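Student: Provided below for reference: sequence and predicted model.
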Amino acid sequence: TILLSPSAIDDGMLVMDNEYPTDSEGNITCPSDLITLTHLHEPAVVYCLEQRYKLDQIYTATGPVLLALNPFKPIRHLYGEVTMKKYFDSKTNTDLPPHVYQIADTAFRNMLRSLEDEQPKNQAILVSGESGAGKTVTTKFVMKYLAALSQRSANPVAPAKRAYLQVQEKKQQATQQTQKWNNGHGA
């Protein structure tokens, strides 16, 4: 038995631990939404993010907020058409793991819903973090998803080429034209 003074809790000297479920191999399984933790505090958040990161689960929810960790490496099947389709086709997105596509999808659906209700509400997605955290890359994934989703919403029949692929192609053409011009002018 350990006796602590009541001030130990108030002063932050004592932090309550969470009980985490384990998988079939005995490994601790941290939740995909940290709101479900019994004790939500900085050590628990850091511990769960670390455990999920080790499993290449770089996205973790905290209610409506998405926490993303830069993996500094490619993770197979994390992005692309197949993954987008899962979030496109999901009715609620709560049955899927946290993902930047989920955030973009929710904002898009809320925007459409507000237009139907004739009470337009602006939607915003805030991407913040330190230098090198992956903000630019994350924003590109959001834009790709929104471009693909908006095209899909406008034309439910699968288009010949997704909007983001068309934009990517135009960007490549413009880059090639710029390089040709630079080469021709001695730049």
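Tutor: Happy to help now that I have it. Computed from a predicted structure; not experimentally measured.
Student: got the phi/psi numbers for residue 88?
Tutor: The phi/psi pair for residue 88 (degrees, to the nearest 10) reads phi -60, psi -50.
Student: Could you export the longest helix anywhere in the chain as CSV, CA atoms only?
Tutor: In the chain, assigned by DSSP state H, the helix with the most residues is helix 163-184. C-alpha atoms of helix 163-184 as CSV (Å, rounded to 0.1, in the frame of the first residue of the first chain):
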residue,chain,number,x,y,z
ALA,A,163,-10.1,15.5,-61.3
TYR,A,164,-6.9,15.3,-59.3
LEU,A,165,-5.3,13.2,-62.0
GLN,A,166,-6.2,15.9,-64.6
VAL,A,167,-4.7,18.6,-62.4
GLN,A,168,-1.6,16.5,-61.9
GLU,A,169,-1.3,16.0,-65.7
LYS,A,170,-1.7,19.7,-66.4
LYS,A,171,1.0,20.5,-63.7
GLN,A,172,3.4,18.1,-65.4
GLN,A,173,2.7,19.7,-68.8
ALA,A,174,3.3,23.2,-67.4
THR,A,175,6.5,22.0,-65.8
GLN,A,176,7.7,20.5,-69.1
GLN,A,177,6.9,23.7,-71.0
THR,A,178,8.7,25.8,-68.4
GLN,A,179,11.8,23.6,-68.6
LYS,A,180,11.7,23.8,-72.4
TRP,A,181,11.5,27.6,-72.2
ASN,A,182,14.3,27.8,-69.6
ASN,A,183,16.5,25.5,-71.7
GLY,A,184,15.9,27.6,-74.8
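Student: How far off centre is that helix?
Tutor: Relative to its chain's centre, helix 163-184 lies at 29 Å (CA atoms, centre = their mean, to the nearest Å).
Student: got it, and stretch 62-76?
Tutor: With CA atoms, centre = their mean, you get 6 Å for stretch 62-76.
Student: can you give me the strands in the protein?
Tutor: Applying DSSP state E to the chain gives strands spanning 59-62, 65-68.
Student: So which residues lie in contact with the first one, not counting its own?
Tutor: Strand 59-62 is contacted from outside by 30, 32-35, 45, 48-49, 52, 66-69, 97-100, using CB atoms under 8 Å, 6 or more residues apart in numbering. Every C-beta, even on glycine, is put in place using the N, C-alpha and C of the backbone.
Student: Cool, thanks, talk later.
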